[in-house]
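Enquirer: next comes the sequence, and after it the predicted model I'd like to discuss.
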Amino acid sequence: MTDLTEIKAAARKAAFARRKGAFDARPAGAAGRLSEVLAGYRGVPLSGYMPIRTEIDPLAAMAEASAYGSVGVPVIQAAGQPLKFSRWSPEGALKDGPFGAKVPETDDYFDPEILIVPLVAFDAQGGRLGYGGGFYDRTLEGLRAKRPTLAIGFAFDDQEAENLPLEPTDQPLNMVVTESRVLTF
């Protein structure tokens, strides 16, 4: 395999299998370490995500952070476009969004300064392999052009990989939080 598209597809397939195993064996309270990290950023506007499929669930940490400031979730606008972020609260009404993720029923957009980023795989240098749509890469590039923006990957330990097939357009993570550790880059 020499074509980068094929290499990334193979890397995603292997990573999805590792993530499913970790999801099936997930410990209770997996978001506890994420809550600890976010406590150091009380009041800073942030975005989490509504977990789909076998993604690690950040909702408990997001709910805790919402007591101190704005918390949002990503809303896909269209293919090839950056994400927008709509304010979310634990008790807020939700509707179905693209790709099976729920989004707030009423749009209330804002720019977060911290993004909790879902992923398929990560490496020990802050590289991230996503689903392949480029949404987070475009979004982080745009937000970082305006001001410093912290990208925190949230994943299971088993999602770590070596030699991720990355491209120059792939935006690096500043940190990865797993159920057992915090990696900073």
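Expert: Noted; the coordinates are in hand.
Enquirer: where does pLDDT dip in this protein?
Expert: 1-2 (pLDDT under 70).
Enquirer: helices of that one, start to end?
Expert: Here the chain has its helices, by DSSP state H, at 4-24, 32-39, 59-66, 135-146.
Enquirer: could these be laid out in a markdown table, adding distance to Q125 and mean neighbour count?
Expert: (Each C-beta comes from the backbone N, C-alpha and C, glycine too.) As requested, these are arranged in a markdown table below (distance: least, CB to CB, whole Å; neighbours: other CB atoms under 10 Å):
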| stretch | distance to Q125 | mean neighbour count |
| --- | --- | --- |
| helix 4-24 | 15 | 15 |
| helix 32-39 | 19 | 18 |
| helix 59-66 | 24 | 20 |
| helix 135-146 | 16 | 17 |
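Enquirer: contacts only, for the spatially most central residue of the chain.
Expert: For the chain, the residue whose C-alpha lies nearest the mean C-alpha position (CA atoms, centre = their mean) is V117; its distance is 1.4 Å. V117 is in contact with 49, 128, 130, 136, 151-154, 173, counting by CB atoms under 8 Å, 6 or more residues apart in numbering.
Enquirer: again with G72
Expert: G72 sits next to 45-48, 85-88, 109-110, 112 when contact means CB under 8 Å, 6+ apart.
Enquirer: tell me the bridge partners for it.
Expert: Under the criterion DSSP bridges, G72 forms beta bridges with S47, R87.
Enquirer: 250 is where my numbering starts, stick with that
Expert: Yes, from this point I'll number from 250; that puts the last item at G321.
Enquirer: that one and Y385, how far apart?
Expert: G321 sits 14 Å away from Y385, going by CB to CB, to the nearest Å.
Enquirer: go on, P323?
Expert: Distance, P323 to Y385, by CB to CB: 8 Å.
Enquirer: same check on V425?
Expert: Per CB to CB, V425 is found 14 Å from Y385.
Enquirer: just D356 next, same as before
Expert: The spacing between D356 and Y385, counted by CB to CB, is 20 Å.
Enquirer: if we can go back for a sec, could I get the helices of the chain as JSON lines with distance to P417?
Expert: Output for the helices of the chain, formatted as JSON lines (distance: least, CB to CB, whole Å):
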{"stretch": "helix 253-273", "distance to P417": "11"}
{"stretch": "helix 281-288", "distance to P417": "28"}
{"stretch": "helix 308-315", "distance to P417": "31"}
{"stretch": "helix 384-395", "distance to P417": "10"}
